[in-house]
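A.B. asks: No letters, just coordinates:
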């Protein structure tokens, strides 16, 4: 299936000049969604011990994947959203910076972790998620995205990690 | 399984005097997570045509459920997070108000919809999600939550709809 035909291109969102690539139509199509999730399962089955999902659309993918893989699901969110003691990592945005958090003790030392999100753009968020995984003594097995915006250098920022994306835009 | 034994109680989060009930330990336990999701599947299988998941932890549950039920998954988010034309609904918070959005045309008229979120507290968010479903001409089949804080009146706010919660705190 060519997922690109299902992805909506919405111009000038969230700001002028940006084309937002929206996976909502895939989620709304049970057959397409099944094929999408299976593409991730085929790649990672037996190779990971935990999934780390990035807020918020990554939660959909994490929720869809972790049961089939029988592994723990761990959430990564912007600072202040997770309760309890957290490991945190700052990362740069286009303007300014932000902080991602993961609850302490979420990952077992040595656990092979798959990081999931809907979209790989500049890679800043995914890179911070990788750092949070490493700070807990776990291992980044790879990063999986539905969409990769190849021109923004995200894959280079994740050099050294296996990166899977199902749809690429130049 | 008594899910309550797995839920973390975190005092004074997000603010003093509030005990945050955190389902993260359930998501981190594959056996418990499987039983949790099955409790929802057993209840709703064959009775719904779509799932509406509320940002952000509801996305985990929606992602886990929609494939097994072979139904579309539709996301509800705070205003400004979803691209394209949206239906919106304002709702009251403890202080002030907020606006939830759903993309226009997300639900077929007459579709029986299950709304999912991790927690039912005052019910303001879930009630707004119900209204968004109705504004698209669809039908609220029910609302499902992991946790219900019974003292806050959420169930009363959703009177007329079937409400499932797996764990109740007085």
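C.D. replies: That came through, no problem. Just so it is clear, the structure is predicted and the values come from calculations on it, not from any experiment.
A.B. asks: contacting residues around residue A:52?
C.D. replies: A:62, A:74-76, A:102, A:107, A:113-116, A:129, A:132-133 (CB atoms under 8 Å, 6 or more residues apart in numbering or on different chains). All C-beta atoms are positioned from the backbone trio N, CA, C, and that covers glycine.
A.B. asks: State the mean pLDDT of stretch A:26-43.
C.D. replies: The pLDDT scores in stretch A:26-43 average 98.
A.B. asks: Over to stretch A:133-153?
C.D. replies: Averaged across stretch A:133-153, pLDDT comes to 97.
A.B. asks: can you tell me the distance between the two ends of it?
C.D. replies: 21 Å (CA to CA, to the nearest Å).
A.B. asks: In it, which residues are buried?
C.D. replies: For stretch A:133-153, a neighbour-count test (16 or more other CB atoms under 10 Å in any protein chain shown) marks A:133, A:136, A:138, A:140-149 as buried.
A.B. asks: tell me which element the nearest residue to residue A:73 once chain neighbours are set aside falls in.
C.D. replies: Using CB to CB, 6 or more residues apart in numbering or on different chains and skipping the chain neighbours, the partner closest in space to residue A:73 is residue A:66 (3.9 Å). According to DSSP states H and E, residue A:66 maps onto helix A:57-69.
A.B. asks: What helices and strands are in contact with the helix or strand just after that helix?
C.D. replies: Next along the chain after helix A:57-69, taking DSSP H and E as the criterion, comes strand A:73-78. Contacts defined by 3 or more CB pairs under 8 Å, 6 or more residues apart in numbering or on different chains; DSSP states H and E place strand A:73-78 against strand A:50-54, helix A:57-69, strand A:97-103, helix B:24-27, helix B:57-69.
A.B. asks: Need the residues that contact the shortest one.
C.D. replies: In this structure, residues lying in contact with helix B:24-27 by CB under 8 Å, 6+ apart are A:66, A:72-75, A:82, A:103, A:106, B:3, B:6-8, B:32-33, B:36, B:60, B:146.
A.B. asks: Please state the offset of it from the chain centre?
C.D. replies: A distance of 16 Å separates the centroid of the chain from that of helix B:24-27, by CA atoms, centre = their mean, to the nearest Å.
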